[in-house]
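Colleague: I'll drop the sequence and a predicted model, then ask my questions.
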Amino acid sequence: FGLRRNMLSRLARYSSVWSRRSSSAAIVAAARTVEAYRSWGHRRAALDPLGLAKTEAAECAALLVSAESEGSEIDLAAVSSLSGSASVSELRSELEQRYAGSIGYEFMHIPSQAERDFFVNRIEAQPVVDPTEDQKIRYAKLMKRAEALDLFMHKQFSTFKRYSGEGQEPTLVVLDSMFASLAKAGAMDLIVGMPHRGRFNVLCNLLGFEESKLFSKIVGNSELPDEFFGTGDVTSHLFTSRVGSFGAQGNEARVSFLPNPSHLEAVNPVAVGKARAKQRVAGESRRGDRVATVLLHGDAAFAGQGIVAETFSMANLEHFTVGGTIHLVVNNQVGFTADSKKSRSTTYCTDIAKIADCPILHVNGQDIEAVHRVAELAVEYRDRFRKDIVIDLQGYRLHGHNELDEPSFTNPRMYQEIRKRHQSGMSLPAIFSKELSEQGIDVSAIEKDVEEYSEYLRGELQKAKSGPQPSVNSLAGFWEGLRQPYRSDKVQVDTGVDTKTLRRIALQSVSLPENFKAHSRLERMFIAGRQRDIENG
């Protein structure tokens, strides 16, 4: 329980930037500016798609350099991972773009120099790689389909609490990019835990869950056959396990999308434990090579539920680690009815992740290209360091906690802005489609796809109303050959075990290897005594 050595601190550094410092005033001013942006640039980043949050300035005073140093020309390699030469003011402008744009990077709290240098290298030295045209079109289709499903359900099931993902459609972009990158890196089995908000869109539009089964459940049918021995669950707990194709290239992976318990965040240790078990069965040479874990969270629950901290505390322990979990916080900037100033003491809802020295990537959900880059970076970090990493996807919640609540009672300013956007047709999917059109990309195929999907949903609803026969496919893969019991089963199974077998098992449980010497008190009180009791019956 003393100081735990950070094993990654022994990794080689990317550079020796700070050893090349000069004592000149301009170099010192530039070095302070670089350090300040790396440490505090995230507080200046434009993260709120609603534009209501003010960027912090108090902690960023060091970003301003003295006037006499502004025009001084310096060698950028002496103070950063940038190349070439520039004035201090030009350097500050460059750093403003990289550290205070649509992405806010938190990594300077990490003890490992290798990990800090990794982010410095990616942010300062590497060129920005935007998604390809094919990827942009795929992301636009995913988001527009998500919007279409929510609108369809809102019209058809107006009193149903569906906990929609409207205002957080970029969640599908993050997951699609992440799943494709994980599959490309060799992770063929993805364990995913997710709460209720936006769950239906992930199920149907990303994982191929049949909309007719979803609609059938909503209209009151069970998801289980009549003869099945068991009961169903509420609609927002539906789950699936199937092989899917992700990304523009169609990278394949099996996704185990776990059932969602009503108690928020309770799925976290379940997902991690399932991943650990699968890794053991897979016989991975390096933890996390073939099996990866992705956990989605709400912003309020992430900051408020103790099980989150408990799971993080075990993330880097030898006998519990899964080689890094990617956490996606779907940040609506409100928890039930309370805003962040009234629901937590920390600056960000993600600050709890710092107990495990996790890097945190904050991103404005309206900037889909930035969302794509953050997802790619998270997978790259996890693949290299096998540690947890957190993405804070900042968006909003179109309706109240559920669709029957009136959110403007408790958050009037926020919902005035949200409704103004949507009344003018400026939802996040619409904004991205407009951006693609302005880039010269033909969006007619996207609009046609949405029209066809809307027609398909009408057909799926009719299929659901006709009462499709539900099926159960939970016993597959390793469990093939087993079957669930049915009410009609009359088989009586003899579960008894003969006394001789029980005595043999009991003796084996308290026997020691020949070359193992137990403590004398343990030997006398717990081993020899139990062996006598077993032998005497």
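Modeller: Arrived safely.

Colleague: and for stretch 134-151, what's in contact with it?
Modeller: By C-beta atoms under 8 Å, 6 or more residues apart in numbering, the surrounding residues in contact with stretch 134-151 are 131, 162, 164-166, 169-170, 172-173, 176-177, 200-201, 204-206, 211, 247-248, 368-369, 372, 427-430, 432-433, 436, 441, 443, 445-447, 449-450, 453-454, 457. C-beta coordinates here come from the backbone N, C-alpha and C atoms, glycine included.

Colleague: residue 172 touches residue 202, doesn't it?
Modeller: Yes. With contact defined as C-beta atoms under 8 Å, residue 172 reaches residue 202; the gap is 6.8 Å.

Colleague: what segments of this structure are strands?
Modeller: With DSSP state E as the criterion, the chain has strands at 73-75, 85-87, 103-106, 189-193, 240-246, 251-257, 291-298, 325-331, 360-364, 389-394.

Colleague: could I get the contacting residues of the residue nearest the centre of the chain?
Modeller: The structure's the chain has its C-alpha centroid closest to residue 328; by C-alpha atoms, centre = their mean the separation is 2.4 Å. The contact partners of residue 328, by C-beta under 8 Å, 6+ apart, come to 171, 174-175, 178, 294-297, 390-391, 393.

Colleague: how does it look with 6 Å?
Modeller: Going by C-beta atoms under 6 Å, 6 or more residues apart in numbering, residue 328 touches 174, 296, 391.

Colleague: which ones among the contacts of stretch 134-151 lie within helices?
Modeller: With helices taken from DSSP state H, the overlap with those comprises 170, 172-173, 176-177, 200-201, 211, 368-369, 372, 428-430, 432-433, 436, 445-447, 449-450, 453-454, 457.

Colleague: now, of those residues, which are buried?
Modeller: By neighbour count, with 16 or more other C-beta atoms under 10 Å, the ones in helices among the contacts of stretch 134-151 hold 170, 172-173, 176-177, 200-201, 211, 368-369, 372, 428-430, 432-433, 436, 446, 449-450, 453, 457 as buried.

Colleague: about what we covered before: using JSON lines, lay out the strands of the chain together with distance to residue 476 and mean pLDDT.
Modeller: Converted to JSON lines, the strands of the chain look like this (distance: least, C-beta to C-beta, whole Å; pLDDT from 0 to 100):
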{"stretch": "strand 73-75", "distance to residue 476": "61", "mean pLDDT": "79"}
{"stretch": "strand 85-87", "distance to residue 476": "59", "mean pLDDT": "82"}
{"stretch": "strand 103-106", "distance to residue 476": "40", "mean pLDDT": "97"}
{"stretch": "strand 189-193", "distance to residue 476": "13", "mean pLDDT": "97"}
{"stretch": "strand 240-246", "distance to residue 476": "7", "mean pLDDT": "92"}
{"stretch": "strand 251-257", "distance to residue 476": "10", "mean pLDDT": "95"}
{"stretch": "strand 291-298", "distance to residue 476": "17", "mean pLDDT": "97"}
{"stretch": "strand 325-331", "distance to residue 476": "25", "mean pLDDT": "97"}
{"stretch": "strand 360-364", "distance to residue 476": "35", "mean pLDDT": "98"}
{"stretch": "strand 389-394", "distance to residue 476": "31", "mean pLDDT": "98"}
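
Colleague: between those strands, which one is closest to residue 34.
Modeller: strand 73-75 (10.6 Å; C-beta to C-beta).

Colleague: out of the helices and strands in the chain, which is least certain?
Modeller: helix 67-70 (a mean of 55; mean pLDDT, DSSP states H and E).

Colleague: what separates the residue nearest to residue 336 when sequence neighbours are not counted from residue 386, distance-wise?
Modeller: Counting by C-beta to C-beta, 6 or more residues apart in numbering, residue 401 is the residue found nearest to residue 336 once chain neighbours are left out, at 5.1 Å. Distance, residue 401 to residue 386, using C-beta to C-beta, to the nearest Å: 37 Å.

Colleague: also residue 519?
Modeller: Counting by C-beta to C-beta, the gap from residue 519 to residue 386 is 36 Å.

Colleague: neighbour count winner among these two?
Modeller: Higher neighbour count among residue 519 and residue 386: residue 386, with 17 against 10, using other C-beta atoms under 10 Å.

Colleague: what residues are up against that one?
Modeller: Applying C-beta under 6 Å, 6+ apart, the residues contacting residue 386 are 288, 323-324.

Colleague: so which of those residues is the closest to residue 48?
Modeller: residue 324 (28.5 Å).

Colleague: dump the residue contacts of that closest one.
Modeller: Counting by C-beta under 6 Å, 6+ apart, residue 324 has contacts 288, 382, 386-388.

Colleague: so the longest helix along the chain versus strand 240-246, what angle?
Modeller: Longest helix of the chain, by residue count under DSSP H: helix 133-156. Here helix 133-156 runs at an angle of 140 degrees relative to strand 240-246 (axes from the mean of the first three to the mean of the last three C-alpha atoms, to 10 degrees).

Colleague: tell me how many other residues crowd residue 292.
Modeller: So residue 292, with other C-beta under 10 Å, has 30 neighbours.

Colleague: report pLDDT for residue 379.
Modeller: What the model reports as pLDDT for residue 379 is 98.

Colleague: for the residue nearest to it when sequence neighbours are not counted, the count of nearby residues, please.
Modeller: Leaving aside its chain neighbours, residue 379 sits nearest to residue 181 (4.0 Å; criterion: C-beta to C-beta, 6+ apart). Counted with other C-beta under 10 Å, residues neighbouring residue 181 total 22.

Colleague: I'd say residue 181 and residue 378 touch.
Modeller: No. Counting by C-beta atoms under 6 Å, residue 181 stays clear of residue 378, with 8.6 Å between them.

Colleague: just for the protein, where's the confidence low?
Modeller: 1-23, 56-71, 468-469, 472-474, 477, 486-488, 490 (pLDDT under 70).

Colleague: OK, contacts around residue 454?
Modeller: residue 148.

Colleague: just to revisit the earlier point, for the residue nearest to the centre of the chain, give the beta-bridge partners.
Modeller: Under DSSP bridges, the beta-bridge partners of residue 328 are residue 296, residue 391.
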